[in-house]
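Participant: quick one: sequence plus predicted model below, questions after.
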Amino acid sequence: MTLRLVYDEIRLGVRQACDALGYPATEFDLSEASRPEFGDVSCNAGFLLAKALKKRPFDIAQALAIQYKKNLGTYVSEASAHDSGYLNFTANYELFTPQVIHSSLRANYGAVDLGKNSKMVIEHTSVNPNKALHVGHVRNVIVGDTIARILHKASYDTSVLNYVDDSGLQVADIIVGFKYGGYSDKAPEGQKFDHYCGDVVYVKITERYETDKALAEMRSHVLKELEEGTSEIAKFGDDLTRRVLEEQLKTCWRLGVTYDCLNFESQIVRSNLWTIAFEKMKSMGITELEKEGKLAGCWVIKYESEEEDKVLVRSNGTATYIAKDIPYAAWKLGILEDPFHYKQYAVQNTDRVLWQTTLDEKDTKMHFAGDRVITVIDSRQSRLQKLITKIMSDFKSKPDSYVHLGYESVTLSPETAKTLDLDTGGKSVQMSGRKGIYVSADYVLDVLSSRTFEEAKKRNPELDEMVLVKISEQVAIGALRYTMIKQDLDKIITFDLTESLSLEGDTGPYIQYAHARAMRILEKSGKTLNFETSLDGIDTVYEKDLAKIIGKFDLQVEDAAKNLSPKIIAKYCYQLAVSFNAFYEHVKVLTADSESVINARLCLVYSFKETLAKALQLLGIDAPDRM
RNA sequence: GGACCCGUAGCACAGCUUGGAUAGUGCGGACGCUUGCGGAGCGUCAGGUCGUGGGUUCGAGUCCCCCCGGGCCCGCCA
């Protein structure tokens, strides 16, 4: 039983009332009442019928309310018309609250069956393996991970992929650095290898290209060797990228993010996927050999919707970079025969196996492809992604099987830029790995973690150091993950280091704190909760509001999954915490008047705690028992 | 030149998909709340011509168009 049932009952009841009054059928909407004094659910049927019936919305709502009240049903206690024309309903909380509490005890509470167990592939992270993750990458990682968690809750059978671009220009850059630039391929003591590669080798070698043309030429040479994959350089590169990748993954795992498979670009290049995809495109007429003009001799993709033709194969016969993206996208959708074998890369969180692609026939066969694919990439790539979406919908002859989930970038605030010795004249600045303008994810986590450690220690001086470290890490990750998810994907996040340390207001720690408070009440009560007795006597506005919000968890999951909008769950967690804090402040639990009320309130607190923990889990945020 | 995104209080955002009831929240500012289940909390107040102009509608922050401001993308690079 959740709020959904109340909606369903009202929808049916209003339809019946319309029929009884002889009103025409109409697709009215039910929505949450905008203010508490309007009740719980509002219906706009009055407005919609006004024209057809030539009556005022209020009169229609009034008639409907009277008709509806002849049979109030189970979960509605009041139906009334408002002057504005809305038809408002109030839930029957005597019944609703205990039933919501019972429902919320289910392990899979909040789950919805949108996906029907269909295969869904989510690709995210996909950071070039030549540097450490910075806060811009973190947005990708967290958005992707949260979407995967939400879709899993919505009954999709999800596979999470991380694409490793180990044969690209950025990797070539650091190889040049190590092989020809004189940099040691060991990081200095105390520095992670990915940081060393990004902070030192990548940035410095890029600077040196400016003056050292010979070095710059080595880059294209190295790139060619990487693609061919047989030389000593390629072997060196392979070893190198795996060392960087290992460090990058440590950062992701620290954030609570796990994957199912690592897809190496070098293997896509060395497999036959491209040849097959190219033939398919030719036979479908997606690409044509240009006969004249400036693109003469190139295979190009022509789409009327695009103003420019896109070169797929150069006049010298070599393929452009989309020749890597197209077969990979097709592979993700299971359109092409899978040339890969798979072997175990690691075990994450004690039980989740991370696989990796191989071209070794001795390894096993697996299936990671999906009926639908979501690719999480920065919206700066939406031009290319639009093209791939189009090609995939032609391949699959289903328009929405490939989805580019774009998001705006993370920029650095002028104050934070200053800490990197950058004067931006009061404007925020785009991060750039190449130019060394970024704040690394590990650094932010470390700073946050030590800040939260101080705070936790102050509050819990008696707790063991190791316990405090664990709590502060949970809170630090909660803080970072929440800031990355709470606002809309198409809004730029201006990252400010000082601001990110805030633990008050609309933040992850605020929400976690509500959970810790609830936990402490339950602990302190020392009681075994009795859910089987009548849970009445909890009828203050605070308790009703809390029950209502607990009761709409599944509706929020559905909304978030349908719209691929992780912030909906973030807002929901915040709403839960706000409602609980109001309850906490105004309603006494342990010192309530009677044992039965104490029990009922404890049950509500337990229900809240469980629901918040489940919702936070969708955000990959731990719910600490104390903090 | 063309494509896409953003513009709502001092700052950061929600609300726009599906048009209706006094436009919400956080930070910052002012003031208050703890012998009580933990103050990472709660409460009160101040602060908004929803970028401009037009259109559609009984009704527009929400839909349509023009314009203005900001961002970002547009290679036989990857």
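Facilitator: Yep, that arrived.

Participant: residue of the stretch 151-300 of chain A nearest RNA strand B, please.
Facilitator: In the stretch 151-300 of chain A, the residue that lies nearest RNA strand B is A:Gly168 (3.3 Å; Cβ to the nearest atom of the strand). Any C-beta I mention is one placed from the backbone N, CA and C, and that applies to glycine too.

Participant: got a list of what that residue touches?
Facilitator: Counting by Cβ atoms under 8 Å, 6 or more residues apart in numbering, A:Gly168 touches A:128, A:223, A:265.

Participant: between the residues you listed, which has the most around it?
Facilitator: Tallying neighbours with other Cβ atoms under 10 Å puts A:Glu265 at the head of those, with 25 neighbours.

Participant: mind listing what's buried in stretch A:219-239?
Facilitator: Neighbour-count burial for stretch A:219-239, counted by 16 or more other Cβ atoms under 10 Å, picks out A:219, A:222-223, A:225-227, A:229, A:233-234, A:236-238.

Participant: inside strands: which ones of the residues you listed?
Facilitator: With strands defined by DSSP state E, no entry of the buried residues of stretch A:219-239 lies inside them.

Participant: chain center to the one helix or strand A:Leu616 maps to: distance?
Facilitator: In the assignment (DSSP states H and E), A:Leu616 maps to helix A:595-618. Here helix A:595-618 is found 26 Å from its chain centre; the criterion is Cα atoms, centre = their mean, to the nearest Å.

Participant: same check on stretch A:188-206?
Facilitator: Worked out by Cα atoms, centre = their mean, stretch A:188-206 lies 29 Å from the chain centre.

Participant: export only the CA atoms of it, formatted as CSV.
Facilitator: Extracted in CSV, the C-alpha atoms of stretch A:188-206 (Å, rounded to 0.1, in the frame of the first residue of the first chain):
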residue,chain,number,x,y,z
PRO,A,188,57.4,9.8,-6.8
GLU,A,189,56.9,8.4,-3.3
GLY,A,190,53.5,9.3,-1.9
GLN,A,191,51.9,10.2,-5.2
LYS,A,192,49.3,8.0,-6.9
PHE,A,193,50.4,6.9,-10.4
ASP,A,194,47.3,8.4,-12.1
HIS,A,195,48.0,11.8,-10.4
TYR,A,196,51.6,11.7,-11.5
CYS,A,197,50.7,10.9,-15.1
GLY,A,198,48.1,13.7,-15.3
ASP,A,199,49.6,16.4,-13.1
VAL,A,200,53.2,16.0,-14.3
VAL,A,201,53.7,14.0,-17.5
TYR,A,202,50.6,15.0,-19.5
VAL,A,203,50.7,18.7,-18.6
LYS,A,204,54.4,19.1,-19.1
ILE,A,205,54.6,17.2,-22.4
THR,A,206,51.8,19.2,-23.8
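
Participant: helices and strands around the helix holding A:Leu616, which ones?
Facilitator: helix A:93-103, helix A:135-153, helix A:508-525, helix A:541-550, helix A:553-562, helix A:567-586 (3 or more Cβ pairs under 8 Å, 6 or more residues apart in numbering; DSSP states H and E).

Participant: highest mean neighbour count out of the ones you listed?
Facilitator: helix A:135-153 (a mean of 25; mean count of other Cβ atoms under 10 Å).

Participant: next, the angle helix A:135-153 makes with the following helix or strand past that one.
Facilitator: On the C-terminal side of helix A:135-153, the closest following helix or strand by DSSP H and E is strand A:157-164. With axes from the mean of the first three to the mean of the last three Cα atoms, to 10 degrees as the basis, strand A:157-164 and helix A:135-153 are set at 160 degrees to each other.

Participant: would strand A:157-164 count as contacting RNA strand B?
Facilitator: No: Strand A:157-164 stays out of contact with RNA strand B when judged by Cβ under 7 Å from any atom of the strand, the minimum separation being 12.1 Å.

Participant: note down every partner strand of that strand and its orientation.
Facilitator: strand A:119-123 (parallel), strand A:261-264 (parallel) (DSSP bridges).

Participant: so, low pLDDT: which residues of the stretch 251-400 of chain A?
Facilitator: A:304-307 (pLDDT under 70).

Participant: how about the residues of it by RNA strand B?
Facilitator: Residues of the stretch 251-400 of chain A lying near RNA strand B (Cβ under 7 Å from any atom of the strand): A:294-298, A:307-308, A:311, A:314-316, A:318, A:320-321, A:324, A:379-380, A:382-384.

Participant: repeat that for 10 Å
Facilitator: A:265, A:269, A:290, A:293-300, A:305-325, A:378-384, A:386 (Cβ under 10 Å from any atom of the strand).

Participant: in PyMOL, how would I select just the buried ones from the residues you listed?
Facilitator: To isolate the buried members of these in PyMOL, using 16+ other Cβ under 10 Å:
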select buried, chain A and resi 265+269+290+295+298+299+300+309+310+311+312+313+319+322+323+324+325+378
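
Participant: buried residues, the helix holding A:Leu616. List them.
Facilitator: For helix A:595-618, by 16+ other Cβ under 10 Å, it's A:596-618.

Participant: okay, angle between that helix and helix A:553-562 too, please.
Facilitator: With the same axes, to 10 degrees as the basis, helix A:595-618 and helix A:553-562 are set at 10 degrees to each other.

Participant: still on that earlier bit, out of the buried residues of helix A:595-618, who's near RNA strand B?
Facilitator: Applying Cβ under 10 Å from any atom of the strand to these, those adjacent to RNA strand B are A:598, A:601-602, A:605.

Participant: and of the residues you listed, the nearest to A:Gly426?
Facilitator: When those are compared for distance to A:Gly426 (Cβ to Cβ), A:Val605 comes out closest, at 47.5 Å.

Participant: show me the contacts for the closest one.
Facilitator: A:518, A:521-522, A:589.

Participant: how near is it to A:Leu21?
Facilitator: 44 Å (Cβ to Cβ, to the nearest Å).

Participant: equivalent analysis for A:Asp238, please.
Facilitator: From A:Asp238 to A:Leu21 the distance is 74 Å (Cβ to Cβ).

Participant: contacting residues for A:Asp59?
Facilitator: A:Gly46 are the contacts of A:Asp59 under Cβ under 8 Å, 6+ apart.

Participant: hmm, 7 Å instead?
Facilitator: Listed by Cβ atoms under 7 Å, 6 or more residues apart in numbering, A:Asp59 has no contact partners.

Participant: before we move on, which element is it in?
Facilitator: helix A:57-69.

Participant: packing partners of the very next helix or strand once past that helix?
Facilitator: Toward the C-terminus, helix A:57-69 is succeeded by strand A:76-81 as the next helix or strand (DSSP H and E). Packing partners of strand A:76-81 (3 or more Cβ pairs under 7 Å, 6 or more residues apart in numbering; DSSP states H and E): helix A:57-69, strand A:87-91.

Participant: out of these, the one nearest A:Ile568 is which?
Facilitator: Using Cβ to Cβ, those put strand A:87-91 closest to A:Ile568, at 21.9 Å.

Participant: and the closest one, anywhere near RNA strand B?
Facilitator: Yes: using Cβ under 10 Å from any atom of the strand, we find that strand A:87-91 touches RNA strand B at A:87-89.

Participant: before we move on, back to that, most tightly surrounded among the helices and strands packed on strand A:76-81?
Facilitator: strand A:87-91 (a mean of 24).

Participant: from chain A, which residue is nearest to RNA strand B?
Facilitator: Nearest residue of chain A to RNA strand B, counting by Cβ to the nearest atom of the strand: A:Gly505, 2.2 Å away.

Participant: ok, back up a step: among the ones next to RNA strand B among the buried residues of helix A:595-618, which one sits closest to A:Thr2?
Facilitator: Using Cβ to Cβ, these come closest to A:Thr2 at A:Val605, 18.7 Å.

Participant: reformat the strands paired with strand A:157-164 as a markdown table; add mean neighbour count.
Facilitator: Output for these, formatted as a markdown table (neighbours: other Cβ atoms under 10 Å):
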| stretch | mean neighbour count |
| --- | --- |
| strand A:119-123 | 24 |
| strand A:261-264 | 22 |
